[in-house]
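A.B. asks: have a look at this fold, sequence not included:
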């Protein structure tokens with residue numbers, strides 16, 4: 001059974017968590033606030049504590065069959081003794097019985113320690129407001145979907161990200177055309193000139209983010225970028241208190257392909273933007289060579305909201321630092337048909353009016 005870490009208030013003994021507005025640890029019971037540097041020594045003491053061992057012998061229950069417990073983890077809350085069940089990637093959560101924030105120390109054993117963490121700046125209330133703002137002005141959205149009570153789950157998660165630095169040397173070749181026309185009394189002439197355009201240069205990439213959790217869709221995580229790394233701090237487990245935290249299950253080596261894809265796409269866009277003054281531009285070859293590549297490990301703050309409508313699950317994400325909000329929305333089919341009918345009627349009326357005008361002329 002893995003071990004839990006909890007931060008206890010030295011004043012009242014209650015479990016304390018990280019307050020995103022204060023950027024400090026705060027006790028919800030006696031309102032005592034603690035600076036992050038203050039709890040660092042306390043954090044070190046907790047890390048040095050030995051694991052408690054209390055074994056019981058019981059014949060109750062049956063044996064798990066092969067494969068049934070794969071990926072399952074069970075933890076015990078220090079505050080109330082309740083059992084917490086999660087998967088192998090869960091690194092921080094709240095006790096479902098007493099709601100105290102806990103950090104699974106055992107889940108980091110054997111893994112790489114994060115280099116940095118960007119603390120949450122926005123709370124759950126801001127996440128709800130973000131969803132409401134996201135729904136505003138959507139005329140084709142089902143009315144019932146706008147009801148806040150239909151939110152199934154809101155959770156703040158520290159998502160693991162690999163941050164890649166590299167210097168890129170690249171060259172590109174494009175096929176381009178320029179078109180000119182002229183006419184005389186009898187003909188209209190068109191001349192198409194063809195060009196081979198080349199570009200070459202160096203580019204530097206800093207902290208290309210690739211999420212290291214298979215639980216998070218890559219496109220969803222990329223949609224809430226960018227994160228402001230200037231607000232990143234050295235990692236302390238105290239920042240995780242009161243939030244969920246995913247442990248990486250996609251390592252840096254497995255994330256390289258995604259990072260390379262982003263480097264290539266950025267390079268292609270940067271080089272293509274310099275090819276101007278042509279009628280058409282078609283890329284023929286883009287080659288990228290990386291040097292001094294290295295990776296760092298960081299945790300980024302993300303709010304995840306889930307809701308279900310007509311049997312389909314909708315997932316939204318909000319950047320817990322900047323508030324950027326993304327997510328797909330359902331379509332009110334009846335409203336869409338009315339809108340489409342009205343649009344068709346309007347277009348038909350416009351076409352009829354133009355036809356009548358032409359006939360009169």
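C.D. replies: Yep, it's here. The structure displayed is predicted, hence computed values, not measured ones.

A.B. asks: identify each buried residue in the helix or strand that contains residue 281, please.
C.D. replies: Using DSSP states H and E, residue 281 sits in strand 280-309. In terms of neighbour count (16 or more other Cβ atoms under 10 Å), strand 280-309 has its buried residues at 286, 288, 290, 293, 295-305, 307. For every residue, glycine as well, the C-beta is placed using N, CA and C.

A.B. asks: after it, next one along is what?
C.D. replies: With DSSP H and E, the next secondary element past strand 280-309 is strand 312-319.

A.B. asks: distance check, the residue nearest to residue 232 when sequence neighbours are not counted against residue 242.
C.D. replies: With sequence-adjacent residues excluded and distances taken as Cβ to Cβ, 6 or more residues apart in numbering, residue 232 is closest to residue 116, at 4.2 Å. Distance, residue 116 to residue 242, using Cβ to Cβ, to the nearest Å: 19 Å.

A.B. asks: same deal with residue 125?
C.D. replies: From residue 125 to residue 242 the distance is 14 Å (Cβ to Cβ).

A.B. asks: ok, the two, which is more surrounded?
C.D. replies: residue 242 (27 against 9; other Cβ atoms under 10 Å).

A.B. asks: check whether the more buried one really touches residue 26, as I assumed.
C.D. replies: No. Using Cβ atoms under 8 Å, residue 242 is not in contact with residue 26; the gap is 9.3 Å.

A.B. asks: average model confidence for the strand of greatest length in the chain?
C.D. replies: For the chain, the longest strand by residue count, based on DSSP state E, is strand 151-183. Mean per-residue pLDDT for strand 151-183: 90.

A.B. asks: can you check stretch 326-337 too?
C.D. replies: 66.

A.B. asks: can you check stretch 254-269 too?
C.D. replies: For stretch 254-269, mean pLDDT rounds to 89.

A.B. asks: what's it in contact with?
C.D. replies: With contact meaning Cβ atoms under 8 Å, 6 or more residues apart in numbering, stretch 254-269 is reached by 162, 164, 166, 168, 170, 172, 203, 205, 208, 210, 212, 218, 283, 286, 288, 290, 295.

A.B. asks: ok so, going back, report all helices and strands that the strand holding residue 281 contacts.
C.D. replies: Under the contact criterion of 3 or more Cβ pairs under 8 Å, 6 or more residues apart in numbering; DSSP states H and E, strand 280-309 touches strand 116-117, helix 124-135, strand 151-183, strand 188-211, helix 252-272, strand 312-319.

A.B. asks: export these to a markdown table and tack on distance to residue 12?
C.D. replies: As requested, the helices and strands packed on strand 280-309 are exported to a markdown table (distance: least, Cβ to Cβ, whole Å):
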| stretch | distance to residue 12 |
| --- | --- |
| strand 116-117 | 27 |
| helix 124-135 | 24 |
| strand 151-183 | 24 |
| strand 188-211 | 38 |
| helix 252-272 | 42 |
| strand 312-319 | 32 |
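
A.B. asks: nearest to residue 231, of these?
C.D. replies: Smallest distance to residue 231 across those (Cβ to Cβ): 10.0 Å, for strand 116-117.

A.B. asks: tell me where the stretch 1-150 of the chain is predicted with low confidence.
C.D. replies: 1-6, 39, 41-78, 80-111, 138, 140, 144-150 (pLDDT under 70).

A.B. asks: again, only using 50
C.D. replies: For the stretch 1-150 of the chain, the stretches flagged by pLDDT under 50 are 1-3, 49-64, 68, 96-97.

A.B. asks: need the contact list for residue 202.
C.D. replies: 167-170.

A.B. asks: buried subset of these as a PyMOL selection?
C.D. replies: Command for PyMOL that selects the buried part of these, burial taken from 16+ other Cβ under 10 Å:
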select buried, resi 168+170
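
A.B. asks: for the contacts of residue 202, which one is nearest residue 314?
C.D. replies: Set against residue 314, the nearest of the contacts of residue 202 by Cβ to Cβ is residue 168 (37.5 Å).

A.B. asks: now for the closest residue to that closest one other than its chain neighbours: which residues touch it?
C.D. replies: Of all residues not flanking residue 168 in the chain, residue 203 sits nearest, at 4.6 Å (Cβ to Cβ, 6+ apart). Going by Cβ under 8 Å, 6+ apart, residue 203 touches 167-168, 170, 266-267, 270.

A.B. asks: and what of residue 321?
C.D. replies: 118, 120-122, 227-228, 231, 300-301.

A.B. asks: gap between the nearest residue to residue 163 once chain neighbours are set aside and residue 161?
C.D. replies: Spatial nearest neighbour of residue 163, chain neighbours left out: residue 207 (4.1 Å); criterion: Cβ to Cβ, 6+ apart. For residue 207, the distance to residue 161 (Cβ to Cβ) stands at 9 Å.

A.B. asks: looking at those two, which one has more neighbours?
C.D. replies: residue 161 (28 against 17).

A.B. asks: can you tell me how far the closest residue to that one other than its chain neighbours sits from residue 22?
C.D. replies: Using Cβ to Cβ, 6+ apart and skipping the chain neighbours, the partner closest in space to residue 161 is residue 209 (4.7 Å). The gap separating residue 209 from residue 22 is 26 Å, by Cβ to Cβ.

A.B. asks: thanks a lot, see you next time.
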